[in-house]
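Enquirer: build me a model from this:
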Amino acid sequence: MLKALSISLAIITLTACSHINTANSSSKQALPSGLSLVEQAQLLTTKAACEQHGGNWQKVGKLQRFTCILPASDAGKSCTDSSQCQVSCTVAGNVRPGDRVSGQCTATTHQFGCRTYVSNGQAEPTLCID
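Expert: A predicted model of the protein is given here:
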């Protein structure tokens, strides 16, 4: 009798949990306010949540790990510092660290590859992340 009661309780609990998960999966995941776009992307850990926020769920980096890539609304905007962009300010081409440059705001939260960041109107050393 006790065993049957325990099994019944377990089934009821599992059924209730699966109902809660189903209900939550159809609503958009709320993100805390005040986070950068990169931080928001890091919190979106499922394909469904990523796509609900307009992102692309894709494999990135050397480990080919799935990550949410969110688009930046200021992509391509002229900048002289990453603080002026949702993600970062980078410059393309052959520049040396310390050169005075104007860059562009990056298009997405994708962080992998080699980039030359701009800080206070100057090119930083190129950083490669894999």
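
Enquirer: and stretch 61-70, how far apart are its ends?
Expert: According to C-alpha to C-alpha, to the nearest Å, stretch 61-70 extends 16 Å from its N-terminal end residue to its C-terminal end residue.

Enquirer: actually stretch 97-111, not the one I wrote
Expert: Distances were taken as C-alpha to C-alpha; on that basis the terminal residues of stretch 97-111 are 20 Å apart.

Enquirer: for stretch 97-108, same thing?
Expert: End-to-end distance of stretch 97-108: 24 Å, with C-alpha to C-alpha as the criterion.

Enquirer: likewise stretch 55-75?
Expert: Between the opening and closing residues of stretch 55-75 lies a distance of 14 Å (C-alpha to C-alpha).

Enquirer: buried sites along that stretch?
Expert: Burial within stretch 55-75, assessed by neighbour count using 16 or more other C-beta atoms under 10 Å, is assigned to 55, 57, 60, 67-72, 74. Quick note: C-beta positions are derived from backbone N, CA and C, even for glycine.

Enquirer: right, and the pair among those with maximum separation?
Expert: Pairwise distances among the buried residues of stretch 55-75 were taken by C-beta to C-beta; the largest, 22.4 Å, belongs to 57 and 74.
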